[in-house]
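>>> whatever this is, show me its structure:
(one chain, ligands or ions: 1)
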Amino acid sequence: MDLTEAIYGRRATRAYTAAPVSKDLLENVIDAAIQAPSAVNEQPWDFTIIQNTSLLDRISAAAKAHMIETMPSGSFPEHLHETLGSPDFHIFYHAPVLITISARAGAWAIENATLAAENLMLAAHGQGLGSCWIGFAQRWLETADGKHALGVPDDFVPVAPIIIGHPAAPAGLVPRQPPQSRWID
Ligand SMILES: Cc1cc2nc3c(=O)[nH]c(=O)nc-3n(C[C@H](O)[C@H](O)[C@H](O)COP(=O)(O)O)c2cc1C
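A predicted model of the protein is given here:
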């Protein structure tokens, strides 16, 4: 897929078919992820690939409970509190795969993992897959229980939980606001 088409066509996907994603496709998106730049070329990435539905259900429930328990009031719009409180809300939208990108803790862990994440999402789109970064999972995945569930080494920090799957419908338009910018000569 053409780069412009990938950048402009990728959208957050929140409805998936039940079809599993082949190992080849998952390996391809991870390979694209590790082509990202990294500070001092450390390449400090770690990928946890979860396809076990009951584990994904457990993480969804734990992450929702953790968010509700720990988020300061007023920090999120009211409708998000309601969404998280609903037993029917699955933070992973029943996607068949969750890939969590972690990075070795250090000055640029977030940047390193996030650049890999964008590559991964663009590559997923390029292969006809949908993806969505799930911030709702992050705070719980950072806890000791969360890291244990991911099997992440102690000196790594989970940064980017990304669901992947075959989209149930074509992506809708998500318009962009004009960029805030200033040109200084
Ligand atoms: C850091 C981050 C956290 C996000 N967390 C969630 C989330 O928990 N649930 C969700 O449905 N979408 C989540 N998203 C997806 C955004 O809502 C989405 O990217 C945004 O609405 C723009 O839509 P687009 O990706 O289709 O352009 C997250 C995106 C980012 C970058």
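
>>> confidence score at residue 79?
Residue 79 is assigned a pLDDT of 87 by the prediction.

>>> so it is in which element?
Assessed by DSSP states H and E, residue 79 sits inside helix 78-85.

>>> for that helix, packing partners?
Contact partners of helix 78-85 among helices and strands, from 3 or more CB pairs under 8 Å, 6 or more residues apart in numbering; DSSP states H and E: helix 53-70. (Glycine included, C-beta is placed from N, CA and C.)

>>> for residue 76, see how far away the residue in the chain positioned nearest to the ligand is.
The ligand sits closest to residue 135 of the chain, with a gap of 2.9 Å, by CB to the nearest ligand atom. According to CB to CB, to the nearest Å, residue 135 stands 11 Å off from residue 76.

>>> pretty sure residue 101 belongs to a strand, no?
Yes - assigned with DSSP: H, G, I helix; E, B strand; the rest coil, residue 101 falls within a strand.

>>> got the contact list for the residue lying closest to it once chain neighbours are set aside?
Nearest in space to residue 101, with sequence neighbours left out and distances taken as CB to CB, 6 or more residues apart in numbering, is residue 160 at 4.2 Å. When contacts are counted by CB atoms under 8 Å, 6 or more residues apart in numbering, residue 160 touches 100, 101, 113, 114, 116, 117, 120, 133.

>>> just say helix, strand or coil for residue 160.
Assigned by three-state DSSP, the conformation of residue 160 is strand.

>>> now do it against residue 173, distance only.
In terms of CB to CB, residue 160 sits 25 Å off from residue 173.

>>> what's opposite the residue nearest the centre of the chain in the beta bridge?
Nearest residue to the geometric centre of the chain (CA atoms, centre = their mean): residue 162, 2.2 Å. Beta bridges link residue 162 to residue 99, residue 133, judged by DSSP bridges.

>>> need the contact list for it.
Listed by CB under 8 Å, 6+ apart, the contact set of residue 162 reads 98, 99, 100, 101, 117, 120, 121, 131, 132, 133, 134.

>>> what residues sit buried inside the worst-scoring helix or strand of the chain on mean pLDDT?
Across the helices and strands of the chain, mean pLDDT, DSSP states H and E gives its lowest value to helix 78-85, namely a mean of 88. Across helix 78-85, burial judged by 16 or more other CB atoms under 10 Å covers residue 84.
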